[in-house]
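Chemist: Predicted structure and sequence below. I'll ask about it afterward.
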Amino acid sequence: MHGRMLPRLVVLAALGAMLFGNLGGARLFDRDEALNASCGREMFESGNYVVPTFNGNLRTAKPALVYWLMSASYATFGVTEFAARFFSAVASLGTLVCVYFCGRLLFGERVGLFAPVVLMTGLLFAAVGRACTPDPFLLFSFTLAMTCFVAGVVQKNGRFVLASPDPRDGLPGLVWWTAVSAAMGLAVLAKGPVGVILPTGVIGLYLLWATDARREIDPTANDRPAWQRWLLDTTRLLSPARIWRCGWAMRPLMLFGIAIAIAAPWYLLVSMQTNGEWGSTFFWHDNVRRFTSSLEGHDGPIVYYVPAILIGFFPWSPFLAHAISAAWRTGWVAQAEQEPEADAHRFLICWAGLVVLLFSLAGTKLPNYVLPAYPALALLTARQLERWAASTTWDRGLWLGGLSLAVCGAGLTVAAGVAGHFVLLGHEWLAIVGLPSLVAGVCVFVWSQTGSGERPVRALLAGAVGCVVAIMGVAAPAVSTQQDGVTLGRDARQREPEGGSTAVFAYFAPNLVFYSGGQVTETASPQEAAAHVAGDADALLVIPEDQWDNVRPHLPASATILSRRREFLKDRTLLLVGRPGTLAAGDANAPR
C-alpha cells in the first residue's frame with residue numbers, strides 16, 4: 001500500500017506545482033481572461049450574484065459559475081491575478097485526478113499515473129487550465145461525469161465492459177448515475193447546454209457501439225463486399241430502434257431531471273431579473289448562432305481541429321496518431337473476450353471522436369472548444385506509453401515520434417527566438433522554450449534504437465514537464481507584461497488609485513478595464529473623447545497616436561500626453577491623455 005502511495009503523491013505534488021506555481025506571475029491575457037476577471041470583480045463589488053456585467057453592461061456570453069468562484073477567491077485573496085485564476089487551477093487539478101482514476105480503472109495503475117502528466121503537459125491544457133475562463137470548470141465537470149460513468153460500470157461488472165447486447169445490462173447503478181447527472185448540471189452552470197450534450201452523446205454513442213459488438217456474428221458476413229458490410233453495419237448501428245433502446249436505457253428522465261434541477265434555478269432567476277434578455281441572448285446568440293454560423297471571425301474548414309490539436313497537444317502530438325491507430329485496432333475487435341481492453345478503447349474513441357466531430361460541424365471554431373476531448377487523448381497516449389515502456393524491441397512509432405519531436409523542438413526554438421527579437425523586441429531569450437522538447441526528442445530518437453522503451457518514455461515525460469514549465473512559468477509572465485491594456489491600465493491606476501474616470505476612442509482592450517480599476521467609457525468621436533477630459537480634471541483618455549491630431553483641437557489647453565505605450569503585437573502607439581498630476585508629463589517619452 002505504501003509503495004503505491006508514494007508515486008501517487010509524487011505525481012500529485014508535481015501536477016500541483018505546475019498548476020499553482022507562479023499562478024499570479026503572468027498578467028491577465030486579453031481578451032477572455034480580462035473579460036471574465038473584470039466580470040467577476042464587478043459581481044464581487046456590487047454584491048449582485050445573479051446578473052453578470054462587464055464594464056457596467058450586461059454580459060450574456062457565459063453562465064455565472066466562474067464568476068461566483070472568482071468572487072469567493074477575491075474575498076479571500078484580494079482582487080489579483082492569482083485570485084482570478086485560483087479556482088481554475090483547483091478545477092484543473094480535479095480534472096487531472098479524474099483522469100488518474102479513469103486510467104487506473106480502464107487500464108491499470110501505471111496508465112493512471114502517466115495520463116494526468118500527459119494531459120497537464122499538453123500546451124492547450126497547460127494554458128487554459130490556469131486561465132480564469134469557464135473552460136476549466138466545464139472540463140472538470142465533463143471529465144467528472146465520464147469518470148463516474150466508468151467507475152459505475154467497473155463496480156457493477158468487475159471491469160469496464162458491457163456483458164450483453166442489452167444496453168440496460170452493465171450500466172452504472174443509481175448512485176453513480178446520480179453522480180453523472182449532478183456533474184452534468186455543474187457543467188451547464190459552467191458553460192451552458194454543451195454540459196449536457198457532450199456527456200449524453202459520448203455515453204450514448206459508446207452504448208450503440210459496445211452493445212453492437214456483443215451481437216451474434218453472421219458467418220456469411222465476410223462473403224459480402226466491403227462496402228456492403230459497412231453499409232449494413234452502419235444501418236444496423238444507427239437504426240432508430242437501437243438508438244431509442246440505448247437512449248431509454250440511460251434513464252433520460254433522471255439524467256436530465258437532476259441536471260436541470262441544479263442549473264435551472266439560476267437560469268430562471270437571471271432571465272427574470274433581466275426581463276428575458278440574458279436567457280434569449282445566451283441561448284440564441286451564444287449557442288444556436290455560434291453553432292450554425294461563424295461569429296466574430298472564428299471560422300475554419302471542416303479539418304480545422306486537426307492542426308489545432310496537433311499544436312494544442314504538443315509535445316505529445318508526434319505520438320498521437322500511433323496511439324489512436326492502436327486504440328482503433330483494439331476497439332474494433334468483435335468480442336470483448338478476445339481483447340479485454342476493447343471496451344475501454346471504444347469508450348475513449350467515442351469520447352474524443354464525438355467532441356471533435358461535433359465542433360468540426362459547428363460554424364464558429366476555436367481551439368479550446370475541443371478541450372473536452374483532451375483527457376481521452378491523454379489516456380490513449382498514456383496507454384501507448386505504457387506499451388512502449390514495457391517493450392524490449394525497437395519500435396518504429398516511438399523512433400519516428402522522437403525524430404518528429406526533435407524537429408518540432410528545433411523549429412520552436414528558432415521561431416520563439418525570432419519572434420522575441422522582431423515582434424516582442426529584446427526577448428530573444430524566449431528561444432529556451434523549445435529546448436526541452438528538442439533535447440527530449442533527441443534522447444528518444446537515440447535511446448529507442450537500443451530496444452528498451454523505459455528510458456525513452458522517461459525522457460518524454462521529463463521533456464514535457466520542462467516544456468510546460470518553460471512556456472507557462474517563464475515565457476508567459478514575461479510576454480504578458482507587454483500587453484497595452486496592462487501598461488495603460490497601470491498608468492491610469494497610478495494617477496487614480498481608487499479607479500478614476502477613463503475613456504477610449506478608436507481603441508478598446510478588456511484588460512484596461514481590469515487594470516484601471518474602474519469602468520471605461522467608449523466614445524464615438526474626437527469631440528466626445530475630448531469632452532470627457534474637459535468635463536473632469538482627473539479624467540483620462542486613451543487614443544491611438546494617429547488620432548492625436550483629430551482629438552487635440554478639442555482638448556482643454558492643460559491636457560497633455562501622460563504616457564505612450566506600444567500596442568501589443570501591432571505596429572501602433574497608444575497615448576494616455578489627461579491633465580498633469582500624479583503621472584509626470586515627462587513620462588510621455590516612456591519606453592515603447
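Modeler: Ah, there it is. Values in this document were obtained by computation on a predicted structure and should not be read as measured data. Numbers count the residues shown, from 1 in each chain.
Chemist: okay, which residue is most central for this structure?
Modeler: Centre of the chain computed as the mean C-alpha position; nearest residue by Cα atoms, centre = their mean is Val128, 4.2 Å away.
Chemist: Now that residue. Its backbone dihedrals?
Modeler: phi -70, psi -30 (degrees, to the nearest 10).
Chemist: right, and it touches Pro136 too?
Modeler: Yes: here Val128 lies in contact with Pro136, judged by Cβ atoms under 8 Å, at a distance of 6.5 Å. Where you see a C-beta, it was placed from the backbone N, CA and C, and this is true even at glycine.
Chemist: Report the separation between the two terminal residues of stretch 423-442.
Modeler: End-to-end distance for stretch 423-442: 29 Å, by Cα to Cα, to the nearest Å.
Chemist: Now do that stretch: distance to the chain's middle.
Modeler: In terms of Cα atoms, centre = their mean, to the nearest Å, the centre of stretch 423-442 is found 23 Å from the chain centre.
Chemist: and if you look at stretch 189-206?
Modeler: For stretch 189-206, the distance to the chain centre is 16 Å (Cα atoms, centre = their mean).
Chemist: got it, and stretch 30-37?
Modeler: Worked out by Cα atoms, centre = their mean, stretch 30-37 lies 14 Å from the chain centre.
Chemist: and Gln384, how far is that from Val356?
Modeler: Per Cβ to Cβ, to the nearest Å, Gln384 is found 18 Å from Val356.
Chemist: of the two, who's got more company?
Modeler: Gln384 (27 against 21; other Cβ atoms under 10 Å).
Chemist: Identify the residues contacting the more buried one.
Modeler: Counting by Cβ atoms under 8 Å, 6 or more residues apart in numbering, Gln384 makes contact with 319, 322-323, 326, 397.
Chemist: I'd like these written out as CSV, with neighbour count added.
Modeler: Listed next are the contacts of Gln384 as CSV, based on neighbours: other Cβ atoms under 10 Å:
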residue, neighbour count
Phe319, 25
His322, 20
Ala323, 25
Ala326, 16
Gly397, 18
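Chemist: can you redo those as JSON lines with secondary structure and distance to Glu339?
Modeler: What follows is those, written out as JSON lines (DSSP: H, G, I helix; E, B strand; the rest coil; distance: Cβ to Cβ, whole Å):
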{"residue": "Phe319", "secondary structure": "helix", "distance to Glu339": "21"}
{"residue": "His322", "secondary structure": "helix", "distance to Glu339": "18"}
{"residue": "Ala323", "secondary structure": "helix", "distance to Glu339": "16"}
{"residue": "Ala326", "secondary structure": "helix", "distance to Glu339": "11"}
{"residue": "Gly397", "secondary structure": "helix", "distance to Glu339": "19"}
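Chemist: Which of the residues you listed sits closest to Leu377?
Modeler: Ala323 (7.8 Å; Cβ to Cβ).
Chemist: Now do Ala126 against Gly112, distance only.
Modeler: For Ala126, the distance to Gly112 - Cβ to Cβ - is 20 Å.
Chemist: Check Gly56 too.
Modeler: Separation of Gly56 from Gly112 (Cβ to Cβ): 47 Å.
Chemist: The two: which has the busier surroundings?
Modeler: Gly112 (23 against 12).
Chemist: And the pLDDT at that one?
Modeler: The model reports Gly112 with a pLDDT of 97.
Chemist: again, but for the one 10 residues further on
Modeler: The confidence metric pLDDT takes the value 96 at Gly122.
Chemist: Same question for Gly426.
Modeler: 84.
Chemist: Give me the nearest residue to it, chain neighbours excluded.
Modeler: Closest residue in space to Gly426, ignoring its immediate chain neighbours: Gly420 at 7.6 Å, by Cβ to Cβ, 6 or more residues apart in numbering.
Chemist: cool, Val465 as well?
Modeler: Using Cβ to Cβ, 6+ apart, the closest residue to Val465 is Thr121 (5.8 Å).
Chemist: mind listing the strands for the stretch 451-592 of the chain?
Modeler: 502-505, 520-523, 540-544, 560-566, 573-578 (DSSP state E, counting those that start in this stretch).
Chemist: would you turn these into CSV with mean pLDDT and mean neighbour count?
Modeler: Shown next, in CSV, are these (pLDDT from 0 to 100; neighbours: other Cβ atoms under 10 Å):
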stretch, mean pLDDT, mean neighbour count
strand 502-505, 94, 24
strand 520-523, 94, 18
strand 540-544, 95, 25
strand 560-566, 92, 21
strand 573-578, 94, 24
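Chemist: Which one of these lies nearest to Gly204?
Modeler: Gly204 lies closest to strand 520-523 among those, at 45.7 Å (Cβ to Cβ).
Chemist: can I get the CA coordinates of the closest one in CSV?
Modeler: What follows is strand 520-523, C-alpha atoms only, in CSV (Å, rounded to 0.1, in the frame of the first residue of the first chain):
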residue,chain,number,x,y,z
VAL,A,520,-14.0,52.6,-19.2
THR,A,521,-16.2,54.8,-21.4
GLU,A,522,-16.1,54.1,-25.1
THR,A,523,-16.5,57.3,-27.1
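Chemist: Partner strands of that strand and their direction?
Modeler: In the sheet, strand 520-523 lines up against strand 502-505 (parallel) (DSSP bridges).
Chemist: ok, and what's touching the partner strand?
Modeler: With Cβ under 8 Å, 6+ apart as the criterion, strand 502-505 contacts 492, 512, 516, 518-526, 528-529, 532-533, 539-543, 547, 551.
Chemist: And for stretch 461-473?
Modeler: Taking Cβ under 8 Å, 6+ apart as the rule, stretch 461-473 contacts 14, 18, 21-22, 25, 114, 117-118, 120-121, 123, 126-127, 130, 314-316, 405, 432-433, 435-437, 439-441, 443.
Chemist: Just the CA trace of that stretch, in PDB.
Modeler: Provided in PDB are the C-alpha atoms of stretch 461-473 (Å, rounded to 0.1, in the frame of the first residue of the first chain):
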ATOM      1  CA  LEU A 461       7.800  12.800 -19.500                       C
ATOM      2  CA  ALA A 462      10.800  14.900 -18.300                       C
ATOM      3  CA  GLY A 463      10.900  16.800 -21.500                       C
ATOM      4  CA  ALA A 464       7.200  17.500 -21.500                       C
ATOM      5  CA  VAL A 465       7.400  18.800 -17.900                       C
ATOM      6  CA  GLY A 466      10.300  21.000 -18.900                       C
ATOM      7  CA  CYS A 467       8.400  22.400 -21.900                       C
ATOM      8  CA  VAL A 468       5.400  23.400 -19.900                       C
ATOM      9  CA  VAL A 469       7.500  25.000 -17.200                       C
ATOM     10  CA  ALA A 470       9.500  27.000 -19.700                       C
ATOM     11  CA  ILE A 471       6.400  28.200 -21.600                       C
ATOM     12  CA  MET A 472       3.900  28.800 -18.800                       C
ATOM     13  CA  GLY A 473       6.200  29.500 -15.900                       C
END
